[in-house]
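>>> kindly generate the corresponding structure for this input.
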Amino acid sequence: MAEVVIVGSAVEAGAIAADRIAALVARKPDAVLGLATGSTPLPVWAALRERGVDLSRVRGFALDEYLGLPPGDPESYASVIARDVVEPLGLDPALVRVPGDDGGPVETAGARYEAAIRAAGGVDLQILGIGRTGHIGFNEPGSSLASRTRVKTLTDATRADNARFFDTIDDVPRHCLTQGLGTILDARELVLLAFGEAKAEAVAGAVEGPVSASLPGSVIQLHPEVTVLVDEAAAGRLRYADYYRAAWEHRPAWLR
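Residues are numbered from 1 along each chain as shown. Got it, this is the predicted structure:
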């Protein structure tokens, strides 16, 4: 079972995740981080910046990228990662990768990205969010639990959720490159964050429901080292919320 931590705010969740990353980097200055985009991980990046952690040797691999946006588009995930993570945290841009950023044929971009992750020694800690449809990365419902980095078609629900970053929903790309669920499971540690009532059903399904391609986030149940950080609203449909609170409050001192 994942370790589920119910917190009072996104800021508190970000601090816990940042502490995990800081401890990892202290042990391994050239650690490999899996980088998520969007608003969910912003508290993590903010907390890391406050701690002044030296991330100059850290390597990063983004979860996904839109297809069809012009180079340098501000809503491309290459731009978002540069703006939200690389620049404020002092990462070396040369050490941070985004799917499809090597300019090669899109048909084989997934295999090349997988090879790059392997060459880096694999992802040490992967930051994740979860969508209302239960997707992680851009692995929409129906994605194979063994899938690797590949091209996917986005659901209308996902495009509607992301339309707030664009002028209209018609501007949201229909296709993307995303790490697969199997790729995500290869990371040594997963930290999933979710905030707000709109995520409650997806969180409950991912943590307590059956493992199913119909809810891709449920694949985290197959990983031995998972922390799920949620606020009270996102935890609202968890059956075992009281147990999670007690387990976190009474965790052994050597885990603190």
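>>> hmm, which helix or strand of the chain has the shakiest average pLDDT?
helix 156-162 (a mean of 90; mean pLDDT, DSSP states H and E).
>>> mind listing what's buried in that one?
Buried residues in helix 156-162, counted by 16 or more other CB atoms under 10 Å: T158, R159, D161, N162. No exception for glycine: its C-beta is placed from N, CA and C like everyone else's.
>>> out of those, who's nearest I136?
Closest to I136 out of the buried residues of helix 156-162 is T158 (11.6 Å), distances taken as CB to CB.
>>> quick one: low-confidence parts of this structure?
When the per-residue scores of the chain are filtered using pLDDT under 70, the ranges that remain are 1, 255-256.
>>> grab the nearest non-local neighbour of A160.
Nearest-residue entry for A160: I169, 6.1 Å, with adjacent residues in sequence omitted and distances by CB to CB, 6 or more residues apart in numbering.
>>> could you do P41 as well?
With sequence-adjacent residues excluded and distances taken as CB to CB, 6+ apart, P41 is closest to I127, at 5.3 Å.
>>> equivalent analysis for G131, please.
Beyond its immediate neighbours in the sequence, the residue positioned closest to G131 (CB to CB, 6+ apart) is T158, lying 5.9 Å away.
>>> quick one: contacts for that neighbour?
The neighbourhood of T158, defined by CB atoms under 8 Å, 6 or more residues apart in numbering, consists of G131, T133, H135, F138, E140.
>>> ditto for L95
L95 touches R57, V58, R59, G60, counting by CB under 8 Å, 6+ apart.
>>> among those, which two are most distant?
Most distant of these, by CB to CB, are R57 and G60, 11.1 Å apart.
>>> re the thing from before, give the next helix or strand downstream of the least confident helix or strand of the chain.
Once helix 156-162 ends, the next helix or strand along the chain (criterion: DSSP states H and E) is strand 175-178.
>>> using CSV, lay out the contacts of T158 together with distance to W248, neighbour count and secondary structure.
Putting these into CSV (distance: CB to CB, whole Å; neighbours: other CB atoms under 10 Å; DSSP: H, G, I helix; E, B strand; the rest coil) gives the following:
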residue, distance to W248, neighbour count, secondary structure
G131, 25, 25, coil
T133, 28, 20, coil
H135, 26, 26, coil
F138, 30, 28, coil
E140, 31, 20, coil
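>>> closest one of these to G34?
If you rank the contacts of T158 by distance to G34 using CB to CB, F138 comes first, at 13.8 Å.
>>> hmm, that closest one is touching V151, no?
No. Look at F138 against V151 with CB atoms under 8 Å: they stay out of range, at 9.7 Å.
>>> can you show me the strands along the protein?
Residue ranges of the strands in the chain, as given by DSSP state E, are 3-7, 32-35, 59-62, 64-66, 96-97, 125-128, 150-153, 175-178, 189-194, 226-231.
>>> please convert these to CSV, extending it with distance to A82 and mean neighbour count.
Supplementary listing: the strands of the chain in CSV, determined by distance: least, CB to CB, whole Å; neighbours: other CB atoms under 10 Å:
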stretch, distance to A82, mean neighbour count
strand 3-7, 28, 20
strand 32-35, 11, 24
strand 59-62, 10, 24
strand 64-66, 12, 23
strand 96-97, 8, 20
strand 125-128, 16, 24
strand 150-153, 23, 18
strand 175-178, 17, 23
strand 189-194, 21, 24
strand 226-231, 25, 24
